[in-house]
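In: Show me the folded form of this:
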Amino acid sequence: MRIGELSRRTGVRAHQLRYYESQGLLEAARSGNGYRVFDEGAVLRVRQIRHLLDAGLSSEDIAFVLPCAVGEAPELLGCPELVTAMRARLQRVEDQMSRLARSRSALAGYIAAAEQTGGEGYAPLGSTEPEPVYA
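Out: As a prediction, the model looks like this:
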């Protein structure tokens, strides 16, 4: 099937499919006129890629774990390296959450301090008032 049909069958835009191919996640043969030609297995592969992207994996992570993918959801079986890769990704997510929690705490502190001092010259968050202009 050509890229347009794969796009229609999976709901993934053609430029994304070309990106998956460039990242080694998806394989296509070339017809005599240079068009990409995908086999039936490409539909399942694209669905697996989408599920893994939705789980927060990068295309690099997906390239590493995709050989372990079984089924559409997919289940990731049989690759000992998989656990190491998934733990690394989980650690990155936890690090991001920690940074966001620190940022949230700092912002809440600034807001509380501004509200205690009357917040003169500042519009409350979510306010439709324009921000003050300082000369």
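In: Now do the lowest-mean-pLDDT helix or strand in the chain: which elements does it pack against?
Out: Across the helices and strands of the chain, mean pLDDT, DSSP states H and E gives its lowest value to strand 75-76, namely a mean of 76. Secondary-structure packing of strand 75-76 (3 or more Cβ pairs under 8 Å, 6 or more residues apart in numbering; DSSP states H and E): strand 69-70. The C-beta positions use only the backbone N, C-alpha and C, and glycine is treated the same way.
In: End to end on stretch 67-87, go ahead and measure it.
Out: 17 Å (Cα to Cα, to the nearest Å).
In: mind listing what's buried in it?
Out: Neighbour counts over stretch 67-87 (16 or more other Cβ atoms under 10 Å) mark 68, 69, 74, 76, 82, 85, 86 as buried.
In: which other helices and strands contact the longest helix anywhere in the chain?
Out: Longest helix in the chain, counting residues (DSSP state H): helix 80-116. Helices and strands touching helix 80-116, by 3+ Cβ pairs under 8 Å, 6+ apart, are helix 59-65.
In: contact partners of the helix it packs on?
Out: 19-20, 23-25, 49, 52-53, 57, 76, 79, 81-82, 85-86, 89 (Cβ atoms under 8 Å, 6 or more residues apart in numbering).
In: 10 Å - rerun?
Out: 19-20, 22-25, 48-53, 55, 57-58, 66, 69, 74, 76, 79, 81-82, 84-86, 88-89, 92 (Cβ atoms under 10 Å, 6 or more residues apart in numbering).
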